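> below are the sequence and a predicted model; questions follow.
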Amino acid sequence: MLLIKEGLVKEEDIEKALEIQRRKAEAAKIPLGEILVKKGLISRDQLRMLLVHPDIRKNLGTMMIEESLVDEQQLTELLKRKGPNEHLGTLLVKQGYITNKDLKRLLDKQLNSLKLGELALKLNMIGKRDLEDALKMKSSQITIGQILCDLNLITHSDLNRVLLKMYSQKLRLGEILLKQGIIDNEKLRAALHEQGESDEPLGDILIRKKLITVDQLYSALAMQCNVAFKKLENFVFDQKQKNSLCSIVGQKYAEKNQILPLSLEINKLTLAVSNPKNINRIDELKLSNPNIQMTCVFITNKKFMQLFEDLYGKQLSPGIASMQKNPKFQEFDQTIIEGEDEKLVISNPETENVLVGRLFERYEMFQQRINAAAYPSDISLFKEFIKDNYKKICSQFHCSRVTFYIGVNTNKVEILASPNN
């Protein structure tokens, strides 16, 4: 309703998104084995063969032990008594251990087992991508906002702006981890105290102290940014798609903006980022590809670098994205500083919006001067960048004011800074 009120979407857009959400939720209820049949990946006979395979039959016994329907000794005795063509479930009903209703529920669970999909993969009935696609249908965790972004009806910037208006402020990382039960109040308070002393990012502190895992950090950050987190453990690029992906997002653009294309299905492109600040850059990419629906997922930095090299055939330059790193300190020999008016002393970036705005205008001007085709930057990300680095410089050099510069170095615009005492 707030999106409609803001004039970002129409009522029929919301209805369309709700219908997509409903369909995804319904699809998630379909057992994995049935999905494989519906998608034409395996036949009904192949499904029956999978269900009577020794690995799956054994899995049925494991499920019954897990549900305390039988114990290990009883199961061993039953397997000894079972005839060669007799189904274990039928024998259990005959012996009175379970009812027909229990058996149906267990068989449905078996039909929906990931082990069934892995067995089909092992027997070369399906490929890795087939299994990944089928498992995607099992995931119904998708918000209306994300669907609207995928349909190119709103941008991620629009969504986050509206969510901030709804909830007054973005949910903090620590609050998310508390709600998930990953850390407790005492450990969070200790980590926040340490962060205040060192200015080290909270997530890094929690990982260093082994209070959370890398995956848990990225999952919480993804929740904070309203995107899905994907591990992509067995992900491999479709060789047929590589050329298409590279033509939409070239290597230089991917490197500069830290955006990685993962897959293209008809007109739906899935992109990955490993830094929350780069999510809004997908909105810029949409401007030049209005006919392609783009969806964003969050992956770890390690996975991002690995997949970047796999797709483009070269390693990601560690310092390519200047907006992700701290400004350079007093390294001005190779950089042309354009005019004295470009040196702006900032003592409080939270309130000095005019000065930060002037710095942003200079940054944009030089970006356009060296590259007329460059996409416009996001001023909110720019302000966040200045605020973050102001705090880091003040902490490192024990100062209360920072001088920011805009410079051009080898056809690249740089933001430089130095402590101002």
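Sure thing, it's come through.
> count the residues that sit near residue 417.
20 (other C-beta atoms under 10 Å). Yep, even glycine has a C-beta here, placed from its N, CA and C like the rest.
> any idea how far it is from residue 357?
17 Å (C-beta to C-beta, to the nearest Å).
> do residue 399 as well
The value you get for residue 399 to residue 357, if C-beta to C-beta is used, is 23 Å.
> who's more crowded, the two?
residue 399 (16 against 13).
> so the nearest residue to the more buried one once chain neighbours are set aside, which state does it fall into?
Closest residue to residue 399 apart from its sequence neighbours, by C-beta to C-beta, 6 or more residues apart in numbering: residue 419 at 4.2 Å. Judged by DSSP: H, G, I helix; E, B strand; the rest coil, the three-state class of residue 419 is strand.
> can you pull out the helices in the stretch 51-200 of the chain?
54-66, 72-81, 88-94, 100-111, 114-122, 128-137, 144-150, 156-167, 173-179, 185-198 (DSSP state H, counting those that start in this stretch).
> pLDDT of the second one, averaged?
In other words, helix 72-81. Averaging pLDDT along helix 72-81 yields 79.
> residues touching it, excluding its own?
Helix 72-81 has contacts (C-beta atoms under 8 Å, 6 or more residues apart in numbering) with 61, 64-65, 70, 88, 91-92, 95, 97.
> and the helices of the stretch 51-200 of the chain, which one's lowest on average pLDDT?
Across the helices of the stretch 51-200 of the chain, the lowest-scoring stretch is helix 156-167, with a mean of 65.
> quick check on the closest residue in space to residue 281 that isn't next to it in sequence: phi, psi?
Nearest non-adjacent residue to residue 281, counting by C-beta to C-beta, 6+ apart: residue 257, 4.6 Å away. Phi and psi for residue 257, reported as degrees, to the nearest 10, are phi -100, psi 0.
> OK, contacts around residue 257?
278, 281, 284-285, 321.
> quick one: buried residues of the helix or strand residue 243 falls within?
Assigned by DSSP states H and E, residue 243 belongs to helix 242-248. Within helix 242-248, the residues that count as buried by 16 or more other C-beta atoms under 10 Å are 245, 248.
> of the helices of the stretch 51-200 of the chain, flag the one that's most buried.
Greatest average neighbour count among the helices of the stretch 51-200 of the chain goes to helix 144-150 (a mean of 20), per mean count of other C-beta atoms under 10 Å.
> other SSEs contacting it?
Secondary structure elements in contact with helix 144-150, counted by 3 or more C-beta pairs under 8 Å, 6 or more residues apart in numbering; DSSP states H and E, are helix 11-29, helix 156-167, strand 293-298.
> as TSV, the ones you listed with distance to residue 177 would be great.
Output for the helices and strands packed on helix 144-150, formatted as TSV (distance: least, C-beta to C-beta, whole Å):
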stretch	distance to residue 177
helix 11-29	26
helix 156-167	17
strand 293-298	16
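> could you point out which of these sits nearest residue 362?
helix 156-167 (22.2 Å; C-beta to C-beta).
> where does residue 338 land on pLDDT?
pLDDT for residue 338: 42.
> quick one: the residue lying farthest from the centre of the chain from residue 65, how far?
Most distant from the centre of the chain: residue 81, at 50.1 Å, with distances by C-alpha atoms, centre = their mean. Residue 81 sits 17 Å away from residue 65, going by C-beta to C-beta.
> what of residue 254?
In terms of C-beta to C-beta, residue 254 sits 49 Å off from residue 65.
> hang on, residue 402 in a strand?
Yes - assigned with three-state DSSP, residue 402 falls within a strand.
> tell me which residues touch it, please.
So residue 402 contacts 345-347, 389-390, 393-394, 417-420 (C-beta under 8 Å, 6+ apart).
> now with 7 Å?
Residues in contact with residue 402 (C-beta atoms under 7 Å, 6 or more residues apart in numbering) are 346, 390, 393-394, 417, 419-420.
> same thing with residue 263?
238, 241, 270.
> which one of the helices and strands packed on helix 144-150 lies nearest to residue 352?
So among the helices and strands packed on helix 144-150, helix 156-167 is nearest, using C-beta to C-beta, at 21.3 Å.
> ok, which pair from the contacts of residue 257 is furthest apart?
285 and 321 (15.1 Å).
> neighbour-wise, which of those two wins?
For residue 285 versus residue 321, neighbours defined as other C-beta under 10 Å are more numerous around residue 285 (20 against 17).
> what's that one in contact with, if anything?
259, 294.
> now with 10 Å, please.
248-249, 253-254, 257, 259, 261, 269, 271, 292, 294, 375 (C-beta atoms under 10 Å, 6 or more residues apart in numbering).
> can you lay out these as CSV showing distance to residue 54 and pLDDT?
Formatted as CSV, those follow (distance: C-beta to C-beta, whole Å; pLDDT from 0 to 100):
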residue, distance to residue 54, pLDDT
248, 46, 89
249, 46, 90
253, 51, 88
254, 46, 90
257, 50, 85
259, 46, 91
261, 41, 93
269, 42, 90
271, 42, 92
292, 46, 86
294, 44, 86
375, 56, 42
